[in-house]
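# What shape does this take:
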Amino acid sequence: MAAACRFFYLFLLSAFVVLSGCDLSGQTSEKNPQQKTSVEERQVLLALFPQKVSDSGWNQAGFTGVQTLSDELELSLVYLESVPFRDYDAFTALVGEQIEANSVDIVMAHGGQYIDSISRLAGNFPRVHFIVNTNCPGNNANMGCLSFDWRELGLLSGTLAALKSESGKIGFIGGMQLPILQQMAKGMRVAALDINPEVQFFEQYLTSWTDETQALAIAERMLADGVDVIAVNADPASRVIYPLLEEKGIAVVGRQLENYDSPPSTLLANVQLYTPRLIQYGFNQILKGRWEGKLYQFGIKDQVQEVNLVPDALTPEQVQRFKQIYQKVVLDQLEVEQ
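Okay, the predicted model is just below:
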């Protein structure tokens, strides 16, 4: 969104970035011999989302990605939103029915909530390729995972928070206690301690991405403890956290704020995920017959994510320090205590 984008300053560190060589570009021209080719026989994609696809965050980004790529790669798209994940029997009945009714070839589950359910379901449909957009090892067969490098994002967020904080107290609020968010929080903590060994790190998670009451309570508790910089990764509940932090003058490391009409004026940096590029890699691998049941993980050097600093949010000296650490993080050369 143009109105929001002017808030962000993208460090153009192309001199530091080494592309990984992974095929994250464009439509594949190489066909799997068994790929359906006619309009009537297009590959069928079933996409599953844990929340509404209009959440201005994780689900909307995933939905936009599969919509675009379905057109580019000539896939027939079927999608379900607010798909339950805690009740395996209900999940199996719903998704299994869709797979059979639509002759589905690819299932993409957009979130770590689905790891257990998809792991069990994949064995029932060995011809179907399963993608889970999270960090997991896969099943060495037809289920693999696509993941952003959440630790990398955490390292950069923690560096910024520690550089900005005057109280020496920084926080992280996650939408659920998922492995990917725990990885981000851990990266944030170790990077912050590397900047300031005396920093205090407050880490809290919601029990549901949509629990706005709990989100406000957690944020208010952190403020009462003296936290003055908070990284928020809790959409859609983030919507009630940002106004509170802005009102209290608390610096924010947000995520996907390019989708917001009015990002908080106290924004320090925006974590941006280029979800379509991540998903595209998985689709291309499947269509080329190269999909493996393993983890595929990508970071800034693969051009699937970025941490964009707001102009004038740090002093020139702090900006220079951040640039130096950014280079080391992207090239995996930052030595910090684990």
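
# list the helices and strands the helix ranked longest in the chain packs on?
Taking DSSP state H as the criterion, the chain has its longest helix at helix 179-195. Judged by 3 or more Cβ pairs under 8 Å, 6 or more residues apart in numbering; DSSP states H and E, helix 179-195 is in contact with helix 150-164, strand 169-174, strand 200-205, strand 229-233. For glycine as for every other residue, the C-beta is placed from the backbone atoms N, C-alpha and C.

# rerun at 10 Å
If you count contacts as 3 or more Cβ pairs under 10 Å, 6 or more residues apart in numbering; DSSP states H and E, helix 179-195 packs onto strand 143-148, helix 150-164, strand 169-174, strand 200-205, strand 229-233, helix 316-330.

# Looking at the last one now, give me its mean pLDDT.
Averaged over helix 316-330, pLDDT sits at 96.

# Can I get it in CSV, CA atoms only?
Provided in CSV are the C-alpha atoms of helix 316-330 (Å, rounded to 0.1, in the frame of the first residue of the first chain):
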residue,chain,number,x,y,z
PRO,A,316,23.3,7.7,12.6
GLU,A,317,25.7,5.8,14.9
GLN,A,318,23.0,3.2,15.7
VAL,A,319,22.1,2.9,12.0
GLN,A,320,25.8,2.2,11.2
ARG,A,321,25.9,-0.5,13.9
PHE,A,322,22.8,-2.1,12.6
LYS,A,323,24.1,-2.2,9.0
GLN,A,324,27.2,-4.0,10.2
ILE,A,325,25.2,-6.6,12.1
TYR,A,326,22.7,-6.9,9.2
GLN,A,327,25.6,-7.9,6.9
LYS,A,328,26.8,-10.5,9.3
VAL,A,329,23.3,-12.0,9.9
VAL,A,330,22.5,-12.2,6.2
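
# Pull out the buried residues from the longest helix of the chain.
180-195 (16 or more other Cβ atoms under 10 Å).

# how far out from the middle of the chain is that helix?
15 Å (Cα atoms, centre = their mean, to the nearest Å).

# swap in stretch 321-335?
20 Å.

# Could you do stretch 289-308 as well?
Counting by Cα atoms, centre = their mean, stretch 289-308 comes out at 11 Å from the chain centroid.

# okay, how far is it across that stretch, tip to tip?
One end of stretch 289-308 to the other measures 36 Å (Cα to Cα, to the nearest Å).

# Just the buried positions in that stretch, please.
So, applying 16+ other Cβ under 10 Å, buried residues of stretch 289-308: 291, 293, 296-308.

# Same question for stretch 273-292.
273-287, 291.

# Let me see the mean pLDDT of it.
91.

# ok so, going back, and the two most separated of the buried residues of stretch 273-292?
Leu273 and Leu287 (22.8 Å; Cβ to Cβ).

# In strands only, show me the buried residues of stretch 273-292.
Cross-referencing the buried residues of stretch 273-292 against strands under DSSP state E gives Leu273.

# picking up where we left off before, with distance to Glu81 and mean neighbour count added, can I get the helices and strands packed on helix 179-195 in a markdown table?
What follows is the helices and strands packed on helix 179-195, written out as a markdown table (distance: least, Cβ to Cβ, whole Å; neighbours: other Cβ atoms under 10 Å):
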| stretch | distance to Glu81 | mean neighbour count |
| --- | --- | --- |
| strand 143-148 | 19 | 24 |
| helix 150-164 | 23 | 26 |
| strand 169-174 | 21 | 25 |
| strand 200-205 | 23 | 18 |
| strand 229-233 | 20 | 27 |
| helix 316-330 | 34 | 17 |
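
# can these go into CSV with extra columns for distance to Asp116?
Output for these, formatted as CSV (distance: least, Cβ to Cβ, whole Å):
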stretch, distance to Asp116
strand 143-148, 11
helix 150-164, 19
strand 169-174, 19
strand 200-205, 18
strand 229-233, 22
helix 316-330, 31
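
# Would you tell me which of the ones you listed gets closest to Thr68?
strand 143-148 (15.8 Å).

# what's the offset of the closest one from the middle of its chain?
11 Å.

# How about stretch 194-210?
18 Å.

# And stretch 197-216, by the same measure?
On Cα atoms, centre = their mean, the centre of stretch 197-216 falls 17 Å from that of its chain.

# which residues touch the closest residue to Glu246 other than its chain neighbours?
Leaving aside its sequence neighbours, Glu246 sits nearest to Pro264 (Cβ to Cβ, 6 or more residues apart in numbering; 3.9 Å). Applying Cβ atoms under 10 Å, 6 or more residues apart in numbering to Pro264 gives the contacts 7, 232, 241-247, 250-252, 254, 257.

# Can you tell me how far Pro264 is from Arg239?
For Pro264, the distance to Arg239 equals 11 Å [Cβ to Cβ, to the nearest Å].

# Please, which helix or strand holds Ser137?
To be clear, residue 137 is Pro; Ser isn't right here. Element membership for Pro137 (DSSP states H and E) is empty, with no helix or strand holding it.

# Relative to Leu48, how far out is the closest residue to it other than its chain neighbours?
Nearest non-adjacent residue to Pro137, counting by Cβ to Cβ, 6+ apart: Leu295, 5.6 Å away. For Leu295, the distance to Leu48 equals 19 Å [Cβ to Cβ].
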